[in-house]
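1. sharing a sequence plus its predicted fold:
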Amino acid sequence: MCGIQGITARRSFRWKIVQWVVAALAYLDYRGYDSCGVAALVNGKWVWLKRVGDSAVLKSALSKTRWLSCLVLGHTRWATQGMVTDRNAHPHFSGHVAVVHNGNLTNADRLRTWLKGMGYVFLSETDTEAIAHLVHYYYQKIGNLRRAVQLAIKDLEGDYAILLASAMEPQVLVAARNNPPLLIGLGDGFNIVSSDARGIIALTRNIIYLVEGDVAEVTPEEVLIFNQRGRRVNRKIYVSLESLGALNKGRYSHFMQKEIHQQPQALRNTIQPVLQRGFSPTLFGKRARKIFGRLDSILIIACGTSYNAGCVMKRRIESVAEVPVRVEIATQYHPILSASPHELVVVISQSGETHDTKEAIKRARAAGHKYVLAICNVPESSIPRASSLIFYTQAGMEVGVASTKAFTAQLAALIILAYTIAKVKKRLSRTDETSALESLRKLPLAARRTLALEPEVQAWARCIVRRRSALFLGMGSFYPVAQEGALKLKEISYIHAEALAAGELKHGSLALVNKRFPVVVSAPSEEFLRDTVLGMKEVNARGGKLYVITDKASNLVASKNIRVIYLPKHDPLHAAVLQTILMQVLSYWAAVMLKRNVDKPRNLAKSVTVS
Ligand code: F6R
C-alpha cells in the first residue's frame, strides 16, 4: 500500500517544504502506517529520518530539526517485503539516489543477487532498495535521472509507483507508475508528486493523473511526461474538487467512534439527491437510463466490507428491480465464460483505489463486460475514473481503518440503485416510488435512534472481551450482516470471529459452542426468523451465550444465557443498516476495552493498493 509524497520547489520555499511533506503524510497514513520516513536534500547532501510508527511519530521526531530544503521525499509504509523496522522504512538510498515506492516487485530477489554481484551493498530487506541501486547503476552510465529511471523500470517486474531524486540533480523529481496511482500537483513555484489527491489539495487543486507506464520528470517550473514507449505526451490537468475533511476527532476518542456517530448524517447526505430528484438514472451518469434499460443481470464485485454490502443488498435488488444479482469477491472473480453484453458490473469501493478490485474490473472488461458502475466514496479516485457510471456515496472522508459510515452509505446507494433500475424498467409504480422515498427519508433518524442503544451494546462488549472467539449468526440478507459484524470484531479487537448462516451451524461449527461461548445473532422479524431461532436454540442447548439484536415484532425475549437488544421502531427494510450499526458499536467497545489501536489496527491499511 504505502503513501508517496515528494515536492520540488524554488529556493524561496525552502523553509516550508519539509513541513509540507510531513503534513501531507498525515493524510497518507491511511495507506499504511507501520513506519514512515522523510529525506531532504540539504546543501547537496541527503539527510533523512525514518521511524517505526505513523506520521505523528515522525513529526515529533522531526520537531528538533530545521532542514532547509527544496527537494524532499516522504513515505508512509505498509510492509510487503521486509519486517517493520526503521531500517526498512523508506526512503532508500544508493549513493546520490533516493527512492520511495508503493507496490511489490516480484523479481526483487533476482535483482538483489545481480546487483550484489555488481558490488552494491544492501542495508535493508526491501524490494525498494533494489530500485535505488538499479537506478544508480544506470545513472553511472548515462548521467541523467529520468533516463536512468526509464532504463531501470524495464528490469522491474510487479507493481510499482516510484518517486526518485538524485543529489546530482537538485531540482528534479522523477516519478514512474505501473499499477498503483501517482499524481502530480501543479503549484506556483513548486510541484508535488503524491500517491493521492489528499497529499496535494492543501497546496494546489490542479492535478495530473499519471497513466500506467508513464514516467514524469518534475521540476519547480515544469512537468515533462513520457508514455510507456518513451514519447513525450500531454496529460489532462484536472481541477480537484475533493475536500480534505478535518483530521480531528472532535468530541470523540477515535475516528471510528466519530464515524459511527456520523452515520445519520452520512446517510442523509447520500439520500438527499434522491429525495430531491426521485429515483432518476441521472444520479448514476448520463448514460445510465440506456444502460439500466437494457441490463438483464447484475454482477457486483468488491472486497471486504464493500463485498459484504453487495451481499447484504443482493436479495433486495433482486426483489425490487427483478434482475438476478451475483456477488463476487474481487480476488475470486476469474470468469471462464464470456460475459453477457447486458450484464451490468457494479463495483463497490470506499477508497476507489483497491488494487484487487481494479484488477477484477480489468478481468470483467476482458470477459466482454461493457459497462461498469462504480459506487465509491472518494471522488476522483481510480475506480470511478475507470468506470462508465458513478454513484458517489456522501459519507465524507473515512479515517478509521475499519469501514463504518461508508458501509451503511453503500447500503443506501444499493437501495437507490435497485429502485432506479426498477423505475427505468417500468417496474415501479408511482405509489411504490413514493413509499420507497418516504422509507428512505426515515432512515437517518432510525440510525440516530439506534445509536442511542450504545450503552446496552457496551455492556455486551464487556462480556465478549473475556472470550477469545465469537460466532455471528444471521439468515438471508442478515447472514452477510453477521459477516460484517464478525469482520469488524476481528479487525479491530483481534478476537477471532466467524459468521455463519444460522442453518449451517449444525453442519459443523456447532462443535465450537460450549458454556458461555459468545454468539451474536442478527435476528430481525423477517422470512428467515424461524431458521435463525432454530440456530439460537441449538446454541442455547449447549450453554452458549446469545447476544441477539432483534425488534419487538420478533417476540424474542431475554432469558438465561440470552441477552436481547430491541431496535427502535423502524421500517423493516432498514433492519440491515441498523443491525450493522450496533455490530460496529460492539466491535468498537470491545477494541477500546482491550486497549487496541482502534483507528489503526495492526497489519492493516485503509486503502489496499497492492495485490
Ligand atoms: C474493513 C474494510 C475493508 C475494505 C476493503 C475494500 O473494515 O474496510 O475490508 O472494505 O479493503 O476496500 P474498499 O472499499 O476501499 O475497496
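-> Structure received.
2. and the spatially closest residue to Gly53 that is not a sequence neighbour, how many neighbours does it have?
-> Sequence neighbours aside, Ser35 is the residue nearest to Gly53 in space, at 6.6 Å (criterion: CB to CB, 6 or more residues apart in numbering). Yep, even glycine has a C-beta here, placed from its N, CA and C like the rest. For Ser35, the neighbour count with other CB atoms under 10 Å is 26.
3. Ser35: what's it in contact with?
-> Lys50, Arg51, Val52, Gly53, Thr76, Arg77, Ala79, Val84, Thr85, Asp86, Asn88, Ala89 (CB atoms under 8 Å, 6 or more residues apart in numbering).
4. may I see the PyMOL selection of the buried members of these?
-> Per 16 or more other CB atoms under 10 Å, the buried members of the contacts of Ser35 correspond to this PyMOL selection:
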select buried, resi 50+51+52+53+76+77+79+88+89
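5. mind putting the contacts of Ser35 in TSV, pLDDT, secondary structure and distance to Met583 included?
-> TSV is the format used below for those (pLDDT from 0 to 100; DSSP: H, G, I helix; E, B strand; the rest coil; distance: CB to CB, whole Å):
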residue	pLDDT	secondary structure	distance to Met583
Lys50	97	strand	38
Arg51	96	strand	35
Val52	96	strand	32
Gly53	94	coil	30
Thr76	96	strand	29
Arg77	95	strand	31
Ala79	92	coil	30
Val84	95	coil	30
Thr85	96	coil	36
Asp86	95	coil	38
Asn88	96	coil	36
Ala89	97	coil	35
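6. re the thing from before, any idea of the pLDDT on the residue nearest to Gly53?
-> You'll see Ser35 listed with a pLDDT of 95.
7. what of Tyr139?
-> On the pLDDT scale, Tyr139 gets 98.
8. hmm, Met313 and Gly476 touching each other?
-> No: applying CB atoms under 8 Å, one finds Gly476 not in contact with Met313, separated by 11.8 Å.
9. so the two - more neighbours on which side?
-> When neighbours are counted by other CB under 10 Å, Gly476 and Met313 differ, and Met313 comes out ahead with 27 against 21.
10. do you know how far the more buried one is from the ligand?
-> Distance from Met313 to the ligand, counting by CB to the nearest ligand atom, to the nearest Å: 15 Å.
11. quick check: which element contains that residue?
-> Met313 is located in helix 304-321, with elements delineated by DSSP states H and E.
12. same check, this time on Lys426
-> Using DSSP H and E, Lys426 sits in no helix or strand.
13. in CSV, list the C-alpha atoms belonging to stretch 44-55.
-> Extracted as CSV, the C-alpha positions of stretch 44-55 are listed here (Å, rounded to 0.1, in the frame of the first residue of the first chain):
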residue,chain,number,x,y,z
GLY,A,44,23.7,18.9,-1.8
LYS,A,45,23.5,16.0,0.7
TRP,A,46,20.7,13.7,1.7
VAL,A,47,19.6,13.9,5.3
TRP,A,48,16.8,11.7,6.5
LEU,A,49,14.8,10.4,9.4
LYS,A,50,12.9,7.1,9.5
ARG,A,51,10.7,5.8,12.2
VAL,A,52,8.6,2.7,13.1
GLY,A,53,5.1,4.2,13.7
ASP,A,54,2.9,6.6,11.8
SER,A,55,3.5,10.1,10.6
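14. does Val345 touch Lys362 like I think?
-> No: counting by CB under 8 Å, Val345 stays clear of Lys362, with 11.3 Å between them.
15. with adjacent residues omitted, what lies nearest to Gln81?
-> In space, Gln81 is closest to Asp127, 4.5 Å off (CB to CB, 6+ apart).
16. would you list the phi and psi of the one you found?
-> Main-chain torsions, Asp127, degrees, to the nearest 10: phi -70, psi -30.
17. equivalent analysis for the one 10 residues further on, please.
-> In terms of degrees, to the nearest 10, the main-chain angles of Tyr137 are phi -60, psi -50.
18. quick one: neighbours of it, just the number.
-> 20.
19. tally of neighbours for the closest residue to it other than its chain neighbours?
-> The shortest distance from Tyr137 to any non-neighbouring residue, by CB to CB, 6+ apart, is to Met118 (6.4 Å). When neighbours are defined as other CB under 10 Å, Met118 has 10 of them.
20. ok, now how distant is the residue of the chain found nearest the ligand from His574?
-> Residue nearest to the ligand within the chain (CB to the nearest ligand atom): Gly304, separated by 1.9 Å. Using CB to CB, to the nearest Å, we find Gly304 at a distance of 23 Å from His574.
21. do Asp188 as well
-> On the measure of CB to CB, Asp188 and His574 end up 49 Å apart.
22. so between those two, which is more surrounded?
-> Neighbour tally, Asp188 and His574, criterion other CB under 10 Å: the higher count belongs to His574, 24 against 11.
23. that one touches Lys442, doesn't it?
-> Yes: His574 lies in contact with Lys442 (CB under 8 Å); the separation is 7.4 Å.
24. list the contacts for Thr270?
-> Applying CB under 8 Å, 6+ apart, the residues contacting Thr270 are Thr393, Gln394, Ala395, Ala409, Ala412, Ala413, Ile416.
25. where's it, which helix or strand?
-> Counting by DSSP H and E, Thr270 is found in helix 263-277.
26. what residues sit buried inside that helix?
-> Result for helix 263-277 [16+ other CB under 10 Å]: buried residues Gln263, Pro264, Gln265, Ala266, Leu267, Arg268, Asn269, Thr270, Ile271, Pro273, Val274.
27. helix or strand right after that helix?
-> Following helix 263-277 in sequence, per DSSP H and E, is helix 288-294.
28. about what we covered before: nearest to Leu241, of the contacts of Ser35?
-> Among these, Thr76 lies closest to Leu241 (CB to CB), at 24.5 Å.
29. so the closest one sits against Val21, correct?
-> No: the criterion here is CB under 8 Å, and Thr76 misses it with Val21 at 11.1 Å.
30. cool, thanks, signing off.
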